[in-house]
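Enquirer: For reference, the sequence and a predicted model appear below.
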Amino acid sequence: MLTSSHRTAQHADVVIVGAGVSGLAAAHHLIAAGVTVTVLEAADDPGGRMATEHVDGFRLDRIGQLLNTSYTELDRTPGLAGLVLRPFAPGVLIHTDGRQLRAGALTPARALASGSFDQARLSAYLGRLAALPVDRVLARPERTALAALRSRALGATLRPLLTALLRDPELTTSSRVADLALRTFARGRLAVPEGGAATLPELLAAALPPGTVRTGVRVRSVATKLVTTEEHGDFSCRSAVLATGARAAAELLPGLRVPAFHEVTVIHHATAAPLPWDGSLLLDGDPRWPVAHTAVMSAVDPTRAPAGRSLVTTTVLGPPPPARTVASRLARLYGTGTRDWELLAVHHAPEAVPAMPPPYDLRRPVRVLAGLYVCGDHRDSNTVQGALHSARRAATAVLRDFGIRLPASAEPAVRAVA
Ligand SMILES: Cc1cc2nc3c(=O)[nH]c(=O)nc-3n(C[C@H](O)[C@H](O)[C@H](O)COP(=O)(O)OP(=O)(O)OC[C@H]3O[C@@H](n4cnc5c(N)ncnc54)[C@H](O)[C@@H]3O)c2cc1C
């Protein structure tokens, strides 16, 4: 174990600021290498953006989380062995021109046999992407996802899928990031953590040594050897890791750039009686309506609603629309009346995820200087996979500077899947 001659009452080899999934994952990687760690979190609970509210027996995610069973970092992060992913029905359902088409689940031949040329083309395209090595995807010309989409004759089906995967209605995201997101979609199944988004950080926090995470501690300044807090004194350390969101990171380290963000609203409804549904994620292919995607979340993960009722979770990529507009669109999408649905919660995140316009570096630096590091979804892709991967990169950089060698298997892939 590393020690410091300059010990104070509050000392750890590494102080991590922020107990979102990236801060918690970084703590795991460092502790596994024998380093002492303290994680300081301003909120009352760990988890950051991955939060779940409990209301009348419903579990309501503050974010419309779509994970993927092929997120490699879920397997590579210590502490997540107990994570159960509940997959959606294969592919997605796209509502367009009053019809619902399943995309991304059929082979091109079966899609053709079902009479849809568009679906067959999309399946063939996704199949080719799934087989491509990441390096080949990253070698493609980079422009916006919208410009790339216009050059492919797949717009009607691909646009709502990309919009949902990237949380970007204008498709200003880098086309390389978009291709990687589609590749991930094609290689796995969309899924949610059983029990709610908060389950993932809860598992990470519970598997850390007791006392590692200190909640209700807001950090005021960060330097290589000293982290100062607003009300809990100073923490001395050999290194500090900044694992906050992008804006808070730039406030604490003014050299960091504040990116643009995508805005997301998540709306939860309870139905009066169970709503029959097969667990599909339903995308709205009509951009005139505000809904990006919706699902009967309790059909995917039954722990999210009490017996006899269903939980419908809907994501809007923008500010909260009028409740009546959403209710009437959901009636159309689900083909059922929504008058007796109960609005449980509307969660609006103006800065939900950092934008990733071209040119976008999926491996932004995590080492500011020896003793000062930064991780989080603004250093990789703006996903849970990206946040976890950035944490492993930052922990690796800390350990290298400490002179600790990592087993080759623990080194981050130069180009892991986004
Ligand atoms: C609405 C929404 C929808 C999303 N949809 C998806 C999706 O479908 N798929 C997907 O993979 N990802 C999605 N994401 C993104 C995903 O949730 C994030 O990428 C991930 O949770 C980021 O984790 P993080 O640890 O980097 O940051 P955060 O979760 O933001 O954690 C940072 C932590 O730092 C703390 N902090 C900040 N300042 C201080 C301070 N001064 N002192 C102490 N602590 C501080 C904060 O309180 C917070 O707990 C979505 C996010 C949102 C908001």
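Expert: Good, I have the coordinates.
Enquirer: Around the ligand, pick out the residues from the protein.
Expert: 17-23, 40-43, 48-50, 63-67, 167, 218-219, 243-245, 248, 264, 266, 349, 352-353, 376-377, 382-384, 387 (CB under 6 Å from any ligand atom). All C-beta spots, glycine's among them, are computed from the backbone N, C-alpha and C.
Enquirer: of those residues, buried ones?
Expert: 17-23, 40-42, 48-50, 63-67, 167, 219, 243-245, 248, 264, 266, 349, 352-353, 376-377, 382-384, 387 (16 or more other CB atoms under 10 Å).
Enquirer: so residue 387 is in which element?
Expert: In the assignment (DSSP states H and E), residue 387 maps to helix 384-402.
Enquirer: try residue 191
Expert: Per DSSP H and E: strand 190-193 holds residue 191.
Enquirer: so who does the closest residue to residue 283 other than its chain neighbours touch?
Expert: Excluding the flanking residues, the one nearest residue 283 by CB to CB, 6 or more residues apart in numbering is residue 160, at 4.2 Å. Residue 160 sits next to 94, 96, 283, 284, 285, 292, 293 when contact means CB atoms under 8 Å, 6 or more residues apart in numbering.
Enquirer: separation between the fifth one and residue 95?
Expert: If you measure residue 285 against residue 95 using CB to CB, to the nearest Å, the figure is 6 Å.
Enquirer: And residue 206, its phi and psi?
Expert: Main-chain dihedrals, residue 206, degrees, to the nearest 10: phi -70, psi -30.
Enquirer: Any regions of this protein where pLDDT drops low?
Expert: Scanning the chain for pLDDT under 70 picks out the ranges 1-9, 106, 108-109, 111-112, 115, 155, 407-418.
Enquirer: In contact with the closest residue to residue 190 other than its chain neighbours, which residues?
Expert: Leaving aside its chain neighbours, residue 190 sits nearest to residue 88 (4.7 Å; criterion: CB to CB, 6+ apart). Going by CB under 8 Å, 6+ apart, residue 88 touches 189, 190, 191, 192, 279, 280, 281, 295, 300.
Enquirer: Including neighbour count, could these go into TSV?
Expert: Below are those laid out as TSV (neighbours: other CB atoms under 10 Å):
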residue	neighbour count
189	18
190	26
191	22
192	26
279	16
280	21
281	23
295	27
300	23
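Enquirer: Count the residues that sit near the closest residue to residue 405 other than its chain neighbours.
Expert: Leaving aside its sequence neighbours, residue 405 sits nearest to residue 399 (CB to CB, 6+ apart; 7.9 Å). The tally of other residues near residue 399 (other CB atoms under 10 Å) stands at 21.
Enquirer: wait, residue 399 sits on residue 34?
Expert: No: using CB atoms under 8 Å, residue 399 is not in contact with residue 34; the gap is 9.4 Å.
Enquirer: In stretch 273-289, which of the residues would be classed as buried?
Expert: 275, 277, 279, 280, 281, 282, 283, 284, 285, 289.
Enquirer: distance between the ends of that stretch?
Expert: This stretch, stretch 273-289, spans 26 Å end to end (CA to CA, to the nearest Å).
Enquirer: quick one: that stretch to chain centroid distance?
Expert: 21 Å (CA atoms, centre = their mean, to the nearest Å).
Enquirer: what sits up against that stretch?
Expert: Contacts of stretch 273-289 (CB under 8 Å, 6+ apart): 66, 87-89, 91-97, 100, 102, 156-157, 159-161, 163-164, 169, 190, 291-296, 299-300, 308-310, 312, 325, 329, 333-334, 336.
Enquirer: now, which of those lie within strands?
Expert: 87, 92-96, 100, 102, 190, 291-296, 312 (DSSP state E).
Enquirer: nearest to residue 206, of the buried residues of stretch 273-289?
Expert: residue 279 (28.1 Å; CB to CB).
Enquirer: any idea how far the ligand is from that closest one?
Expert: When distance is defined by CB to the nearest ligand atom, to the nearest Å, residue 279 is 17 Å away from the ligand.
Enquirer: same check, this time on residue 340
Expert: Remark: distance between residue 340 and the ligand (CB to the nearest ligand atom) = 27 Å.
Enquirer: which stretches of the stretch 151-300 of the chain form strands?
Expert: 190-193, 213-215, 219-222, 226-229, 234-242, 261-270, 282-284, 291-296 (DSSP state E, counting those that start in this stretch).
Enquirer: Quick one, which of these gets closest to residue 78.
Expert: Using CB to CB, the strands of the stretch 151-300 of the chain put strand 213-215 closest to residue 78, at 14.9 Å.
Enquirer: Give me the helices and strands touching the closest one, please.
Expert: Counting contacts by 3 or more CB pairs under 8 Å, 6 or more residues apart in numbering; DSSP states H and E, strand 213-215 packs against strand 37-41.
Enquirer: partners of the strand it packs on in the sheet?
Expert: Using DSSP bridges, strand 37-41 pairs in its sheet with strand 11-17 (parallel), strand 213-215 (parallel).
Enquirer: Quick check: buried residues in the helix or strand that it is followed by?
Expert: Per DSSP H and E, strand 37-41 leads on to strand 52-55 as the next helix or strand towards the C-terminus. Within strand 52-55, the residues that count as buried by 16+ other CB under 10 Å are residue 52.
Enquirer: In PDB, could you pull the C-alpha coordinates for the helix or strand following strand 52-55?
Expert: With elements assigned by DSSP H and E, the helix or strand that comes after strand 52-55 is strand 58-61. This file holds the C-alpha atoms of strand 58-61, laid out as PDB (Å, rounded to 0.1, in the frame of the first residue of the first chain):
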ATOM      1  CA  PHE A  58     -43.000   2.500  -8.900                       C
ATOM      2  CA  ARG A  59     -39.300   2.900  -9.700                       C
ATOM      3  CA  LEU A  60     -38.800   6.000 -11.800                       C
ATOM      4  CA  ASP A  61     -35.500   6.600 -13.500                       C
END
